[in-house]
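In: I would like to see how this sequence folds:
(one chain, ligands or ions: 1)
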Amino acid sequence: MYNLIKSKSRTGSRKHGSRTLEVGGKARRMDVLINDPIAFMQGLINSGYTSMEDGDPESSDLMRSMQNPNGQMSKVFIEEDLQVMRDWLGAGCPIPAEEPPRMEVVSTHRFIHKM
Ligand code: HEM
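Out: This is a model prediction of the structure:
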C-alpha cells in the first residue's frame, strides 16, 4: 500500500483539491499528505475510509470511492492496484514502522584487495 500511494503521489497531489484527512487531530490537505504515504494511510484510517462491515473490504468507503464509476479514481487504478488495497484492508490496515527500503540499487562497491 505504501508503494502504491507513492507511485500515484504525483497525480494524486494535483487531484485531491482541498479535501482533507485527519492526522494527529488536525485536518490535513490530501494533496499535500499524499507525498507522505505513512501519514496518508493514517489519515485514511482516522477519517473512516477503512471502516468495514463484517470485515469485507468492499464495504469500505476507500473501495467504494475507487470503484465509483462517477468518480475519477475508477479511471486511474487497475485491478492489481485494487487488490493491493483489498489486501491492505483485509490485513487490518498495517502501517509500516518506517519507510520501506527503496527498490533501486543505490550503490555498488568495488573491493580492492591488498596483498
Ligand atoms: C493510492 C492513492 C490514492 C488514495 C488512497 C486516494 C483516496 C481518495 C479518497 C479516500 C478520496 C475521497 C473519496 C470521497 O470521500 O468520496 C479521494 C477522492 C478523489 N481522488 Fe483519490 N486517492 C488516491 C489517488 C488518486 C489519484 C492518483 C487521482 C488522480 C486522478 C485521484 C483523484 C481523486 C479525485 C478526483 C477525487 C474526488 C472524488 C472522485 O472523483 O472520486 N486520487 N481519493
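
In: contacts and neighbour counts: CA atoms only from here.
Out: Fine.

In: Show me what residue of the protein gets nearest to the ligand.
Out: residue 71 (3.4 Å; Cα to the nearest ligand atom).

In: count of neighbours near that residue?
Out: Applying other Cα atoms under 10 Å, we find 12 residues neighbouring residue 71.

In: what sits against it?
Out: Listed by Cα atoms under 8 Å, 6 or more residues apart in numbering, the contact set of residue 71 reads residue 65.

In: pull the longest helix from the protein.
Out: helix 2-15 (DSSP state H).

In: can you pull the buried residues of it?
Out: 2, 5, 9, 12, 13 (16 or more other Cα atoms under 10 Å).

In: Can you name the residues that contact the first one?
Out: So that's residue 2. Residue 2 makes contact with 37, 38, 41, 96, according to Cα under 8 Å, 6+ apart.

In: Next, the buried residues of stretch 33-52.
Out: Neighbour counts using 16+ other Cα under 10 Å place 33-35, 37-46, 49-52 of stretch 33-52 among the buried residues.

In: Quick one: end-to-end length of that stretch, please.
Out: Terminal residues of stretch 33-52 are spaced 23 Å apart (Cα to Cα, to the nearest Å).

In: Ramachandran angles for residue 72?
Out: Backbone torsions of residue 72, given as degrees, to the nearest 10, read phi -80, psi -20.

In: Next one: it from residue 44, what distance?
Out: Residue 72 is 18 Å from residue 44, by Cα to Cα.

In: thought residue 49 was touching residue 61?
Out: Yes - if you go by Cα atoms under 8 Å, residue 49 and residue 61 touch, sitting 4.8 Å apart.

In: Run through the residues that contact residue 12.
Out: Residue 12 makes contact with 31, 34, according to Cα under 8 Å, 6+ apart.

In: Show the pLDDT at it.
Out: The pLDDT attached to residue 12 in the predicted structure is 94.

In: Please identify the helix or strand for residue 42.
Out: Following DSSP states H and E, the helix or strand that holds residue 42 is helix 37-46.
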